[in-house]
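Q: Everything below, folded, please.
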Amino acid sequence: MRTRHKVLLGALGTSLALGLPSALFFQGGPEPGRRTGLANASALNAAFQSWSADHAARGGDRQVSFSLGGSKGFSSEETRARGIVRLDLLGGNARVDLQGLEPGSQWDVWLVDNEPGGSSMPEPGDRSHRLGRVTAGGAKGGTARLAAQLDPGFFDGFEVDVMAVSRAGRKPEEGVLFGSPDLFQRLYSQGRRKPALQPAHGLASLAAFLGPEPAFASPFDSLDPLVALGAEVFQNEKFDGNGRTCGTCHPARNNFTIDPKFIASLPANDPLFVFETNPDLARNLENGTSLREFGLVLENVDGLSDLDRKFVLRGVPHTLGLMKSRLPQPGSAQEPIPPVERLGWGGDGAPGSGSLREFALGAITQHMTRRLDRRAGVDFRVPTDEELDAMAAFQLALGRQADLDLPAMRFRSPVVTRGQQIYLQGDSVKGTVAAGKCNRCHFNGGSNVSIGDQNRNFDVGIEKLPDHPFNLIAPGAMPIDGGFGTDPRFDSNGGAVGFGNGRFNTAVVVEAADTGPFFHNNSVATIEEAVDFYNSTAFNTSPAGLGFKGQDSGGIGIHLETTQVEAVAALLRVLNALENIRSSSELDEAALDRETQEARMLVDIASFDTEDAFQVLEERSLHLPAVRKLKEAFVLERQVYANPKSKKRNDLLRRVLSLKEQARGEMLAP
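A: Reported below is the predicted structural model:
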């Protein structure tokens, strides 16, 4: 999947340059039901409709809740305090519960309705309403509760874009804690309040390209325009910063991630390397060696107070399959809410509430700033609410929208079948050693635990691995990464060794084989090495590894022999190839009967997924007959791309689809 992927590179801008209709970016297209194979807006819309029905059954806008947390670059002071907001938008009730405040301190709680088209964070000129003032209790934890009764019609004319908690006497733009409703809640409330509202300016301009009859009667009957806008903003918007975009570190043509090979292909003037030409960013925006050699970007995940010492170096996670990988474990003492979604390697990658919608705020502040002061409105432009909504919608629409049914899959390769057995249940025959247990934390090849649709954080001991390659090149240069949270960690002698609780987010594995390097610090390069890590002392003496010990595993955590490591990795490679075939076939089907330029671009994108499909197999000599068919399909796709006006184009594409189906049949039994 090293592709220009399920969204067009440079989406809207490319369409305008080539004179293509915006329907190309949408899951629908001119013909009802026709899929484009790009960002899956129809699946996102279905997920939203399902969420809406469930939300309505639980009381709808009488039961609105979101979290409050610090926001790096926006909070007027660093804090570990957090809170939960509960609103009844129909009855006018509000309740706010806060904890982690200084005992005896006083705080004002604000509702903010942002100026249309302005910053998504509080600023002068926004409508604001002070709910009240609270005093933190003297008991441990510094808790406070505010309950307020507003006029029942208050929220009909006041959209809660942000809640802010500031020191008593200060304005909401000087807040310490912030939070916002997530994307689905915002769409639901807007649709309820303004069912006849015409789209906002950005959506209207996109919808106009659909023709005289827009695809929606109300703003949110279809999410397609919102997804298209998100693709454009994600790929091209620089937010008046240093020249980077979200796509700089999450390029569509490289699986929405970066790795050393891809980085080496970039020109010297690529915005990724802005720290090498801008003296204001030279010291602490990035570490040039870690970035170029190992694909590690610098992150100030624990705050901006000490840039010389308070940072970590992390790989860039891809953004595929977020719809199924972001939901937290409710009521977890280890990872309290906020954040409301598990994002980034630590599971706490977003500021404020910790939602995907707010993730962009943290990324822009961290990576796109002109100077290291990181002053909003000076060093970068704060995105609008519409831009945050659109980028969240776009990212949720990328990649798989459902997990596999792995136990039901029948593989033709005995090696892959053995990998499937080990992955699903290990081997406890006579108390021996082939304890796989992969499915417990990567259920059905995803990132959720096997009980409940939840993504959890674990301390698997990655930080205990000796000889990280960057430390070998620059001894002592690789900082300790504490994972989730900002509390200091200490060694046995009482010395600080980082910040956090040592736990990291569980990653999806279907997309893994062609999105390495692996783990939060890019410590290993291949999927085989990633599987083999779970044999290591570092894992089996970690909290997660020790938690696996028990009678069902003969008293060990995980242990696989070398051949069994290869079998599990073979399974993951085949799953990855199958996903590439699915994605690229979707694109090829969409190219049938399309206009010449549309077909050309769709097939171009498809060919990159096809190439990934055969490469990930060929690297380990898996299913070589399938590899040959995929290579032939790839050649035909490039022929269609080079000669899109050919009358034989549809015949070639049908041949491509047949070859891919045959390749799939080489791997899976009916």
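Q: Torsion angles phi and psi at Arg314?
A: phi -130, psi 150 (degrees, to the nearest 10).
Q: Just the strands from this protein, written as ranges.
A: Here the chain has its strands, by DSSP state E, at 64-68, 82-88, 93-99, 106-113, 127-135, 144-149, 162-167, 177-179, 297-299, 312-314, 457-458, 488-490, 496-499, 504-505.
Q: just these: most buried one?
A: strand 177-179 (a mean of 28; mean count of other CB atoms under 10 Å). Quick note: C-beta positions are derived from backbone N, CA and C, even for glycine.
Q: Can you say which of the strands of the chain is nearest to His442?
A: Nearest to His442, of all those, is strand 457-458, at 11.1 Å by CB to CB.
Q: wouldn't Ala598 be in contact with Ala591 here?
A: Quick fix: residue 598 reads Glu, not Ala. Yes: using CB atoms under 8 Å, Glu598 is in contact with Ala591, at 7.3 Å.
Q: Would you reformat the strands of the chain as CSV and include distance to Glu335 and mean pLDDT?
A: Formatted as CSV, those follow (distance: least, CB to CB, whole Å; pLDDT from 0 to 100):
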stretch, distance to Glu335, mean pLDDT
strand 64-68, 12, 96
strand 82-88, 12, 97
strand 93-99, 15, 97
strand 106-113, 25, 98
strand 127-135, 25, 97
strand 144-149, 23, 97
strand 162-167, 21, 98
strand 177-179, 17, 98
strand 297-299, 18, 98
strand 312-314, 18, 98
strand 457-458, 5, 94
strand 488-490, 15, 83
strand 496-499, 15, 80
strand 504-505, 9, 95
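Q: And those strands: which comes nearest Glu637?
A: Nearest of these (CB to CB): strand 297-299, 32.8 Å.
Q: name the helices or strands packed onto that closest one?
A: When contacts are defined as 3 or more CB pairs under 8 Å, 6 or more residues apart in numbering; DSSP states H and E, strand 297-299 packs onto helix 288-294, strand 312-314.
Q: Would you tell me which one of those is buried the most?
A: Buried most deeply of those, by mean count of other CB under 10 Å, is strand 312-314, with a mean of 23.
Q: Name the residues that touch that one?
A: Strand 312-314 is contacted by residues 287, 290, 296-299, 301-302, 345, 470, 478-482, 498, 520-522 when judged by CB atoms under 8 Å, 6 or more residues apart in numbering.
Q: pLDDT on stretch 526-542, on average?
A: What stretch 526-542 shows for mean pLDDT is 95.
Q: who touches it?
A: Outside stretch 526-542, the residues touching it (CB under 8 Å, 6+ apart) are 459-462, 464-465, 512-513, 516, 518-519, 524, 545-546, 556-560, 562, 565-566, 568-569, 572-573, 620.
Q: Which of those residues fall within helices?
A: Gly545, Leu546, Thr562, Val565, Glu566, Val568, Ala569, Leu572, Arg573 (DSSP state H).
Q: Most neighbours of all these, which one?
A: In terms of neighbours by other CB atoms under 10 Å, the ones in helices among the contacts of stretch 526-542 top out with Val568 at 27 neighbours.
Q: Please pull out the lowest mean pLDDT helix or strand from the chain.
A: Lowest by mean pLDDT, DSSP states H and E among the helices and strands of the chain is helix 11-18, with a mean of 33.
Q: number of nearby residues for the nearest residue to Leu307 once chain neighbours are set aside?
A: Excluding the flanking residues, the one nearest Leu307 by CB to CB, 6 or more residues apart in numbering is Asn284, at 4.2 Å. Using other CB under 10 Å, Asn284 has 16 other residues around it.
Q: Now do the contacts for the residue positioned nearest the centre of the chain.
A: Note on the chain: the residue nearest the mean C-alpha position is Thr319, at 4.0 Å, using CA atoms, centre = their mean. Shown in contact with Thr319 (CB under 8 Å, 6+ apart): His250, Phe256, Thr257, Gln395, Leu398, Gly399.
Q: cool, and Leu636?
A: Leu652, Leu653, Arg655, Val656, Leu659.
Q: Pipe the strands of the chain into JSON lines and attach distance to Phe273 per row.
A: Below are the strands of the chain laid out as JSON lines (distance: least, CB to CB, whole Å):
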{"stretch": "strand 64-68", "distance to Phe273": "36"}
{"stretch": "strand 82-88", "distance to Phe273": "36"}
{"stretch": "strand 93-99", "distance to Phe273": "42"}
{"stretch": "strand 106-113", "distance to Phe273": "37"}
{"stretch": "strand 127-135", "distance to Phe273": "41"}
{"stretch": "strand 144-149", "distance to Phe273": "46"}
{"stretch": "strand 162-167", "distance to Phe273": "34"}
{"stretch": "strand 177-179", "distance to Phe273": "32"}
{"stretch": "strand 297-299", "distance to Phe273": "12"}
{"stretch": "strand 312-314", "distance to Phe273": "16"}
{"stretch": "strand 457-458", "distance to Phe273": "32"}
{"stretch": "strand 488-490", "distance to Phe273": "32"}
{"stretch": "strand 496-499", "distance to Phe273": "28"}
{"stretch": "strand 504-505", "distance to Phe273": "28"}
